[in-house]
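[1] All I have is the shape, not the residue letters:
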Ligand SMILES: [Zn+2]
C-alpha cells in the first residue's frame, strides 16, 4: 500500500471531538475533492470523488451527523485513476443542499464560489488543525520514508494554496506554494516540517515511520563515512609503502643498501620483506621495537638519500 494511502487511512481514523472541528475538516474535504453542479435553476448539487474508501466513509458519516442528510455513496471505476475504484458522494440539489454548501463555506452569501479558505471556518485554533487534516486527506501526497522528502497538497486555486501555506505557518510549519499548469500545490521538502505537520494532524504512526527511517538513514551514512575514511587511510598506507619501496630500490640500484647506516639498512630490509605493513607494524618487526614516528623518520632519511641519488 502506498505510504500516502496509509497516512490518509490513519488520518481518516482521527475523529475530532468538537463539532466545529468536524465541520472544518469536512469543509476542507469538500473544497479539495468536491465539485458543485448546477442541476437546475437555483439547484446546486455536490459531488465528490475520493480514491480513499476510509476518507469517503468519513465524509459520509460527518454529513449525516452534522447535517442529518444521507448523501448517495457510489463506488465507480474512474478512468482518471486508470480504472481503480473511486468513491463518489452525491448530494442532490435542493434548498437544503445549497444551505449545507453555504455552511461549509464553499459558497459565500451571494452564492459565489469561495476559492480560498473560508475565514470563519478556521478562526479557532482547533479548527485550523482540522482544516489542514481535511486538506491533506483531500489532496495530500507524502513520499515514502526511504525516498527524498516530499510532501504536498494539491489544490485548484492559488488562493487555496496560499491559504494553506498561511494556515500551516500559524502552527510553525513552513510550506511553499508552487504553481503548475492548471493546478497549484503547497509543499515542503523538509522531513522535520513534514513530521511536525503529520504529528499536528494526528498521524503518529506515519511520524514514527518517517523518524525511524531518518534514524536508520543517519546510521547508514555514519557507517559509510567511517568505511570511507578507513578506506582512505588504507589507501594512504599503501601509497606511502609504494613510495618507500621505490626509494629503497633507487638506493639499492645506486649506492647500494650496504652503504647505508645500519639503522637505515635494517628498516629498508624490513620494508622490502613486508611491502604491505603499516609503519607501526614495521616498528614491531624490529629488535628492539621502534615507534611509528621513529620508523617514519628513518624512511624519510632513505627518501632524502634516494632523491639525492636521482
Ligand atoms: Zn474546532
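    Looks like it arrived, so ask away. Keep in mind the model is a prediction, meaning the values are calculated, not measured.

[2] Validate this expectation: residue 146 resides in a helix.
    No - per DSSP: H, G, I helix; E, B strand; the rest coil, residue 146 lies outside any helix segment and is coil.

[3] Tell me how far the residue positioned nearest the centre of the chain lies from residue 3.
    By C-alpha atoms, centre = their mean, the chain has its centre lying nearest to residue 149, at 2.0 Å. Taking C-beta to C-beta, to the nearest Å as the measure, residue 149 falls 12 Å from residue 3. C-beta coordinates here come from the backbone N, C-alpha and C atoms, glycine included.

[4] Mind listing what's buried along the strand or helix carrying residue 65?
    Residue 65 belongs to helix 53-67 when assigned by DSSP states H and E. Of the residues in helix 53-67, 53, 54, 55, 56, 58, 59, 60, 62, 63, 67 count as buried by neighbour count, 16 or more other C-beta atoms under 10 Å.

[5] and of those residues, the nearest to the ion?
    Distance to the ion, by C-beta to the ion, is smallest for residue 62 among those, at 13.3 Å.

[6] which residues does the nearest residue to that closest one once chain neighbours are set aside contact?
    Sequence neighbours aside, residue 26 is the residue nearest to residue 62 in space, at 4.6 Å (criterion: C-beta to C-beta, 6 or more residues apart in numbering). Residue 26 makes contact with 59, 62, 63, 66, 104, 134, according to C-beta atoms under 8 Å, 6 or more residues apart in numbering.

[7] what's the longest helix in the protein?
    Determined from DSSP state H, the single longest helix within the chain is helix 204-253.

[8] Determine the set of other helices and strands touching whichever helix or strand comes after that one.
    Using DSSP H and E, the helix or strand that directly follows helix 204-253 along the chain is helix 262-273. Applying 3 or more C-beta pairs under 8 Å, 6 or more residues apart in numbering; DSSP states H and E, we find helix 262-273 packed against helix 204-253, helix 279-285, helix 292-309.

[9] related to what we said a few turns ago, measure the residue nearest to the centre of the chain to residue 267 for me?
    54 Å.

[10] Next: residue 142.
    On the measure of C-beta to C-beta, residue 142 and residue 267 end up 62 Å apart.

[11] Could you list the low-pLDDT ranges of the stretch 51-200 of the chain?
    Low-confidence segments of the stretch 51-200 of the chain (pLDDT under 70): 78-81.

[12] what does it have sitting close to the ion?
    Residues of the stretch 51-200 of the chain lying near the ion by C-beta under 5 Å from the ion: 124, 126, 127.

[13] got JSON lines for those, with secondary structure, distance to residue 217 and neighbour count too?
    Output for those, formatted as JSON lines (DSSP: H, G, I helix; E, B strand; the rest coil; distance: C-beta to C-beta, whole Å; neighbours: other C-beta atoms under 10 Å):
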{"residue": "124", "secondary structure": "coil", "distance to residue 217": "38", "neighbour count": "15"}
{"residue": "126", "secondary structure": "helix", "distance to residue 217": "34", "neighbour count": "14"}
{"residue": "127", "secondary structure": "helix", "distance to residue 217": "35", "neighbour count": "22"}
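
[14] Looking at these, which is nearest residue 37?
    Of all these, residue 37 sits closest to residue 127, with 27.3 Å by C-beta to C-beta.

[15] how many other residues sit next to residue 159?
    Number of residues near residue 159 (other C-beta atoms under 10 Å) recorded here: 14.

[16] helix, strand or coil for it?
    Relying on three-state DSSP, one would call residue 159 helix.

[17] ok, the residue of the chain most remote from its centre - contacts?
    Distance from the C-alpha centroid of the chain, by C-alpha atoms, centre = their mean, peaks at residue 259 (66.6 Å). Shown in contact with residue 259 (C-beta under 8 Å, 6+ apart): no residues.

[18] what does the one 3 residues further on give?
    Counting by C-beta under 8 Å, 6+ apart, residue 262 makes contact with nothing.

[19] Break the protein down into its structural domains.
    The chain breaks down by automatic domain parsing into domains covering 3-202, 236-309.

[20] as a whole number, average confidence for the last one?
    So that's domain 236-309. Mean pLDDT, computed over domain 236-309, is 90.
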